[in-house]
Every structure is written in structure tokens, then in C-alpha cells.
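Compute the structure for the input listed below.
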Amino acid sequence: MSAKTPFQPTATLERSADDATFQFRTNEEADAFRKTIYAAGLRWARPICWHDGDRPFPKDVTGASCFFLRFRDCHIGVTAAHVVRHFQRAKAGTPSLVCQVHLMVFDLETALIDISDDLDIATFSISERDLKISLSDAFDVSSQWPPDDVVKRDAPIQLVGYPENIRIIDPRDRSAVFQAWGAFDFVEDFTEGEILLVYNPEKVMGAPTKPPLGYNMSGCSGGPAIIHTTRHGLHRWYPAGLITGGPKLGGGAAADFDMIRVRRIDCVGSDGRIRIAETGWLPT
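The predicted structure is shown next:
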């Protein structure tokens, strides 16, 4: 089974990150920046999917999103815990189930390092060779992890994932087209464990279309949330969280926008173990 990854980005019009944070001199520079980070998002975020290897097409292909961290001694994959649990339940019922990271067959069960259902984070090991085979770029966090003081109000943040509702299964060439969704927004608020974003369709520009309120983000779970900033005059980016669910529709005065919560990943250690502040490192 093959996979392809077109991209459908949206970006906020107000509180322009282009002007306030990066100080571009022209609109052309700002457009080039957006195109660059959208392209980078396709390399950072990878689809992870599974299907019955014993069945021919057409067949169901279930998928989500993941990304990778490069430490000094290893590479760690990150996704949502509920994604792994979904795969485990499906595998128990269908032993011939095949897991893939993008184009590459991948043994997720053997690679799994740690999982926290409470935090909705799972980690797994992946080799440099497998990153190359799956055409994936890892975030290089080898010099410092977690990054200091990058999650703050109004910080520009990029989300990337692979929604199921724009995925295309083509039985003619036995392919699954994993179309990517992306957003470039701002941190509305945050806690030690979460980052809160607000989506208002009236205040974003989108290509080719803007997602409606209540947009179904199923399949985006496990995708990265990336903080963009400048340090010493250089554009820098930092993986700060992962998508764990779609937007929550509000009522009353909040009915005009969605709230999206992102799980922070400061708790992931350089060995892939997940730390809970109250109890220390989770047991194996």
C-alpha cells in the first residue's frame, strides 16, 4: 500500500505572527515563510495506519498521526495513547493486521516504549534507517530538552495531522492518499499539561477552503504542535505538544469559535519514558 500527502493549511489573519514575531519586510517574504513551514510540516508529521494484510483492496485503512524526536542517543516516536490502544484492540481481533508509518511496514507493538492513558501520550523507538525509509524528519532536540519558556500566550503555533475525512482509498493502484491538514495559529492560554487554541473561521485564511466549526479532526490525533519563535535573530521551532482530539463546540457567546486542546510533551524523557510530576517516572 502506498501513501501520498497533499496539504490543506489555514492561518490566522489577526495577531499576525508574520509581522509581530518575524518582522518580514514584504508580503512575499511572509508568503515564502508560510510555504516553507507548511512543507516542513509534511516531513515532521507522518501518517501511521493499519490494515488487514490478508485482504485485497478495497478494504478499510485506519490511521492517525505521529512525529519524532531526535535525542543524542536515540530517536523517539510520539503519538496519542488512544491511537495505540485503538491499534492494539484491532490487532487482537485481526492478527493479520499490518501497521505502517507512511510507506514503511512498522512493528509498533515491539517498538512501544511507554504509554500513559491519563496523559494520552505514547512513545516508541525508531531507527535512523527507518526514519529515512519512511521519509520522515525528526525534530532535533539533542541540545536541550524540554525547551525553556517557549509556550506562552500569543506564541505562534503550528498544528499538522492527517484527518480521516479527507483520506482517499484508491483500490485501482492499492493506495491510500493521506491528505494533510495544517493550521498556523496562536496560543490562547496554557497550563502545565495543556495548550489551548481558539479557532474562528471568520478570522483565518485557508487554502483551498476553511474548515467549518466542529471540523472532524479524527486522524489528526498524535500530530505535532510546533511553537515558532525567533532567538538571536534566527527563526527557531520547537515541538511543544501533540494533538489529542478535535475542536469542542461552545455555546452562547462561545458558539462562534472552537476550542482545541493540545497535550504538552515536556513529560517525555530522552529515553522515551513518560514522567508524571506527582509520582515520578511511570513504571514499565
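
So, low pLDDT: which residues of this protein?
Residues of the chain meeting the criterion pLDDT under 70: 1-25, 30, 166, 171-174, 201-216, 246-257, 277-284.

for it, what's the longest helix?
Ordering each helix of the chain by length in residues (DSSP state H) puts helix 27-44 first.

Does that helix pack against any helices or strands, and if so which?
Judged by 3 or more Cβ pairs under 8 Å, 6 or more residues apart in numbering; DSSP states H and E, helix 27-44 is in contact with strand 7-12, helix 17-20, strand 156-161, strand 180-186, strand 224-231, strand 234-243. All C-beta atoms are positioned from the backbone trio N, CA, C, and that covers glycine.

Next, the contact list for the closest residue to residue 40 other than its chain neighbours, please.
In space, residue 40 comes closest to residue 137 once its chain neighbours are excluded; the distance is 7.4 Å by Cβ to Cβ, 6 or more residues apart in numbering. Residue 137 makes contact with 40, 43-44, 68, 131 under the criterion Cβ atoms under 8 Å, 6 or more residues apart in numbering.

Just the buried subset of those, please.
Buried members of the contacts of residue 137, counted by 16 or more other Cβ atoms under 10 Å: 44, 68, 131.

Next one: the second one from residue 51, what distance?
In other words, residue 68. Distance, residue 68 to residue 51, using Cβ to Cβ, to the nearest Å: 22 Å.

what do you get for the first one?
Relative to residue 51, residue 44 is positioned 24 Å away (Cβ to Cβ).

that older thread, just curious, which of the buried ones among the contacts of residue 137 is nearest to residue 109?
Residue 109 lies nearest to residue 68 out of the buried ones among the contacts of residue 137, by Cβ to Cβ, at 18.0 Å.

Can you give me the end-to-end span of stretch 150-165?
The first residue of stretch 150-165 is 32 Å away from its last residue (Cα to Cα, to the nearest Å).

An error on my part: the question was meant for stretch 90-99.
Stretch 90-99: ends 11 Å apart by Cα to Cα.

neighbouring contacts of that stretch?
Here stretch 90-99 has contacts from 48-55, 62, 87, 105-109, using Cβ under 8 Å, 6+ apart.

what's the distance between residue 29 and residue 243?
Separation of residue 29 from residue 243 (Cβ to Cβ) stands at 29 Å.

ok, those two, which is more surrounded?
More crowded of residue 29 and residue 243, by other Cβ atoms under 10 Å: residue 243, with 28 against 13.

wait, residue 219 sits on residue 61?
No - using Cβ atoms under 8 Å, residue 219 is not in contact with residue 61; the gap is 10.6 Å.

Name all residues that sit in contact with these two at the same time.
Counting by Cβ under 8 Å, 6+ apart, the shared contacts of residue 219 and residue 61 are residue 167.

For the two, indicate the residue with more neighbours.
It is residue 219, of residue 219 and residue 61, that has more neighbours when counted by other Cβ under 10 Å, with 26 against 20.

Nearest the geometric middle of the chain, what residue?
The centre of the chain sits closest to residue 223, judged by Cα atoms, centre = their mean, with a distance of 1.3 Å.
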